[in-house]
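>>> When you get a sec, could you give me coordinates for this:
(one chain, ligands or ions: 1)
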Amino acid sequence: MDAVWQSLCDRLGTKYPIMQDGMGPSPTTSLATAVSAAGGLGSVSTPGLLTPEVELRKKLRDRMEQVAVNAEGPFAVNVPVGTLASGEMIPSSAYCIDEAIRVKLAGGPVSDHFVAITTSAGFPGGFTEQIKEAGLIHIHKAGSVRHAVKAAEAGVDVVIASGFEMGGHTHLNPVSTMVLAPQVIKELDIPVIISGGIHDGYGLAAVLAMGGAGVAMGTRFIATTEHEWHQNYKQYIVDSGEWQDMTYQGYYAPSRGLKNAALLEELPAIKATGISVDELNQWKEDRGYLAQMEGDTVKGIVVAGQVAAAIHDIVPTKVLLERMMDEAIGLLEATSSSLGALKATRG
Ligand SMILES: Cc1cc2nc3c(=O)[nH]c(=O)nc-3n(C[C@H](O)[C@H](O)[C@H](O)COP(=O)(O)O)c2cc1C
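Below you'll find the model as predicted:
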């Protein structure tokens, strides 16, 4: 019988059990194309949670077309479905899912390469039926066993279990990856991808050994040559060290970024002015763009995970994926060759 990762690779059409997860609002189209060509699953990121509907639909469609033009493999679209402080789901979630499904149903080259929608940041149940009916795989990202179970019960095909150390919007109740991963894998009878803090073959080997269906990464993929974000952003990740990450209030949950003047000085100062929640969210989105696209790592918010401290180079995605596979295979081989000795310790 195929291992769980093999069946999922077959279903998604990928060579390797490695996924680049969504990182909005700036584009990740060149990155997604490169990851897919290198054998992984690339993701188109949401174009902005606060963008008006018409512009949002157009931007998403453009991004999907850009990936598909050069695509050699499958890609996913990421859509956060979180709720705002008011309790309402961010309106952009429904527009993005609807637009992505329209593209899928229209057929043609974009549709051919587009295989999955990854929802995140909230309860995905309201979207499962339409996503699956369109012939797409519904992947949902959850940060706790209970949310993973709820998503599986709602009918999603695959769960990404992501630990609190992840970059970007993380979870209200912190559970770290090593605590979360085995529990979710054991609890669910659908494939589980593990995410949060993974950057190399060590993480991949651990996940495969525990029965995971693959790994999803965000921060590691920022520091790749094909990624379209500014070189300064990539270098800030490479130069960062242990304890440089911090969380701050995101749109609907804590978000993780790297310490700099924007997060340590400007954010508290602007909050103290009594600015409205909407204005503050817009400020954060603008400051994200400033770092990602213009390379201002002082005034811009450098969104990234704790794993930034372990990333020391900017490499082509193909090199990254091959290196991870080599490392994981080497580690698993070494482990299996010492199994006899391990068993012998039992007497
Ligand atoms: C810059 C950045 C932006 C992100 N934006 C999103 C997003 O728009 N939607 C989403 O579901 N997750 C988002 N994430 C989380 C990633 O999809 C992924 O779950 C996370 O990066 C995994 O943890 P890692 O950074 O330790 O690899 C973002 C992460 C980063 C670093």
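>>> Going by C-alpha atoms from here, please, whenever you check contacts or count neighbours.
Will do.
>>> Stretch 243-259 vs the ligand: in contact?
No - Stretch 243-259 does not reach the ligand (Cα under 6 Å from any ligand atom); its nearest approach is 7.6 Å.
>>> Can you list the buried residues in that stretch?
Across stretch 243-259, burial judged by 16 or more other Cα atoms under 10 Å covers 245-248, 250-259.
>>> Can you tell me which one of those residues sits lowest on pLDDT?
Checking pLDDT across the buried residues of stretch 243-259, the minimum falls on Tyr252 at 76.
>>> In this structure it contacts Val81, no?
No - counting by Cα atoms under 8 Å, Tyr252 sits too far from Val81 to count as a contact (10.1 Å).
>>> quick one on the thing from earlier: just the buried residues of stretch 243-259: which are in strands?
Asp245, Met246, Thr247, Tyr248, Pro254, Ser255, Arg256, Gly257, Leu258 (DSSP state E).
>>> ok, the fourth one to the ligand distance?
With distances taken as Cα to the nearest ligand atom, to the nearest Å, Tyr248 is found 14 Å from the ligand.
>>> Which pLDDT value belongs to Ala85?
At Ala85, the pLDDT recorded in the model is 69.
>>> scratch that, Glu265 is what I was asking about
Glu265 carries a pLDDT value of 97.
>>> Got the phi and psi for it?
Main-chain torsions, Glu265, degrees, to the nearest 10: phi -110, psi -50.
>>> any idea which helix or strand carries Leu280?
For Leu280, the element it lies in under DSSP states H and E is helix 277-294.
>>> Return the helix or strand following that helix as CSV; C-alpha atoms alone will do.
Following helix 277-294 in sequence order, the next helix or strand is helix 317-337 (DSSP H and E). The C-alpha coordinates for helix 317-337 follow below in CSV (Å, rounded to 0.1, in the frame of the first residue of the first chain):
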residue,chain,number,x,y,z
THR,A,317,13.8,26.6,-5.1
LYS,A,318,15.0,23.6,-7.0
VAL,A,319,18.2,23.5,-4.9
LEU,A,320,16.1,23.9,-1.7
LEU,A,321,13.8,21.0,-2.6
GLU,A,322,16.5,18.7,-3.8
ARG,A,323,18.6,19.5,-0.6
MET,A,324,15.6,18.8,1.6
MET,A,325,14.9,15.5,-0.2
ASP,A,326,18.6,14.4,0.0
GLU,A,327,18.7,15.2,3.7
ALA,A,328,15.4,13.5,4.6
ILE,A,329,16.3,10.4,2.6
GLY,A,330,19.8,10.3,4.3
LEU,A,331,18.2,10.7,7.8
LEU,A,332,15.5,8.1,7.2
GLU,A,333,18.1,5.6,5.8
ALA,A,334,20.4,6.1,8.8
THR,A,335,17.4,5.7,11.2
SER,A,336,16.2,2.5,9.5
SER,A,337,19.7,1.0,9.5
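>>> any low-confidence regions in this structure?
Low-confidence segments of the chain (pLDDT under 70): 85.
>>> Close to the ligand: what parts of it are there?
21-25, 45-46, 80, 120, 166-169, 195-198, 217-220, 303-305, 307.
>>> any idea how far the ligand is from Phe123?
Phe123 sits 12 Å away from the ligand, taking Cα to the nearest ligand atom as the criterion.
>>> can you tell me which residues contact Tyr202?
Applying Cα atoms under 8 Å, 6 or more residues apart in numbering to Tyr202 gives the contacts Met324, Glu327, Ala328, Leu331.
>>> wait, Leu188
Each residue near Leu188 by Cα under 8 Å, 6+ apart is listed here: Ala148, Val149, Ala152.
>>> and with 10 Å instead?
By Cα atoms under 10 Å, 6 or more residues apart in numbering, the residues touching Leu188 are Val145, Ala148, Val149, Ala152, Glu153, Val158, Val159.
>>> Can you check my assumption that the second one lies in a helix?
Right, Ala148. Yes - Ala148 sits within a helix when classified using DSSP: H, G, I helix; E, B strand; the rest coil.
>>> ok now do it, which residues does it touch?
Contacts for Ala148 (Cα under 10 Å, 6+ apart) come out as 123, 140-142, 154, 156, 158-162, 184-185, 187-188, 192.
>>> Repeat that for the first one.
For Val145, the set of contacting residues under the criterion of Cα under 10 Å, 6+ apart consists of Ala151, Ala161, Val175, Val179, Leu180, Ala181, Pro182, Gln183, Val184, Ile185, Glu187, Leu188.
>>> just how off-centre is stretch 284-297 within its chain?
Centroid separation for stretch 284-297 versus its chain: 19 Å, with Cα atoms, centre = their mean, to the nearest Å.
>>> what does stretch 244-258 give?
With Cα atoms, centre = their mean as the basis, stretch 244-258 stands 15 Å off its chain's centre.
>>> One more: stretch 179-196?
Put simply, stretch 179-196 sits 15 Å off its chain's centre (Cα atoms, centre = their mean).
>>> start the count at 53, not 1, going forward
In the new numbering, first residue 53, that becomes stretch 231-248.
>>> first to last residue in that stretch, what's the distance?
11 Å (Cα to Cα, to the nearest Å).
>>> Done for today, thanks.
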